[in-house]
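*Asks:* got a predicted model here, sequence first, then my questions.
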Amino acid sequence: MRKHFAKSIDSRASELLRKHKLFTVPIDVEAFAEKLGARVVFDDLDDDVSGFLLRENNVSTIAVNQSHHSNRQRFTIAHECGHLVLHAGKEDQLWVDRAYSPVFFRNLHSGSGEKLHEVQANQFAAGVLMPEELLREQVKGDVSDLDILRLALRFKVSEQAMTLRLVALDMLETA
């Protein structure tokens, strides 16, 4: 069962992709971030940090771990775009995406965790990288393991991310 906010977040992601003429597979996630006003940089980050969004003096920067797999980098950029669209205010803020414990949020004034923000940013990332409409155009009938691999390669995401997305959209049954 999808979270109550999932459909509205997916709709927001698709709306923004269409607005910026990026609604095509695979999604150009770096161009998407730039259209949202964020600068994307690839940097040498700690192994457990996938990336972060820093909003400081009305400038948004998404830093991505340059040593991570390209699929992970794409998800990180889309995730940080989720924070930018869904959570960023005018104040200075910092969101850090840790690879091994992705539920981590803080602003410059607080160290408290906000799991809901992370779940919402993940939902936004899934909606950006694997829009429901574009997935449904690709899937006809039952989905095999080979189909999941093919879709993951086409959308430039991991097989795990594709599987989770298909299950969330009721396009794949779980055993």
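*Replies:* Here it is on my side, so go on. Numbering: from 1, shown residues only.
*Asks:* so the most centrally placed residue in the chain is in which element?
*Replies:* In the chain, the centroid-proximal residue (C-alpha atoms, centre = their mean) is residue 125; its distance is 2.0 Å. Assigning secondary structure by DSSP states H and E places residue 125 in helix 115-129.
*Asks:* give the other helices and strands that whatever helix or strand comes next after that helix contacts.
*Replies:* Going down the chain from helix 115-129, the next helix or strand is helix 132-138, by DSSP H and E. On a contact count with 3 or more C-beta pairs under 8 Å, 6 or more residues apart in numbering; DSSP states H and E, helix 132-138 meets helix 6-19, helix 145-155. To be clear about C-beta, it is placed using only N, CA and C from the backbone, and glycine gets the same treatment.
*Asks:* and helix 132-138, what's buried?
*Replies:* 132, 134, 135 (16 or more other C-beta atoms under 10 Å).
*Asks:* and what of stretch 159-169?
*Replies:* Here stretch 159-169 shows 161, 162, 163, 164, 165, 166, 168, 169 as buried, counting by 16+ other C-beta under 10 Å.
*Asks:* let me have those in TSV, extended by distance to residue 73.
*Replies:* Formatted as TSV, those follow (distance: C-beta to C-beta, whole Å):
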residue	distance to residue 73
161	13
162	16
163	20
164	18
165	18
166	22
168	22
169	24
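*Asks:* of the residues you listed, which belong to helices?
*Replies:* Mapping those onto helices (DSSP state H) picks out 161, 162, 163, 164, 165, 166, 168.
*Asks:* what's the closest of these to residue 149?
*Replies:* The closest of these to residue 149 turns out to be residue 162 (C-beta to C-beta; 8.3 Å).
*Asks:* let's test this: mean pLDDT of stretch 37-55, rounded?
*Replies:* For stretch 37-55, mean pLDDT rounds to 93.
*Asks:* tally of neighbours for residue 39?
*Replies:* Look at residue 39: counted by other C-beta atoms under 10 Å, it has 12 neighbours.
*Asks:* next: residue 7.
*Replies:* Using other C-beta under 10 Å: residue 7 sits among 13 other residues.
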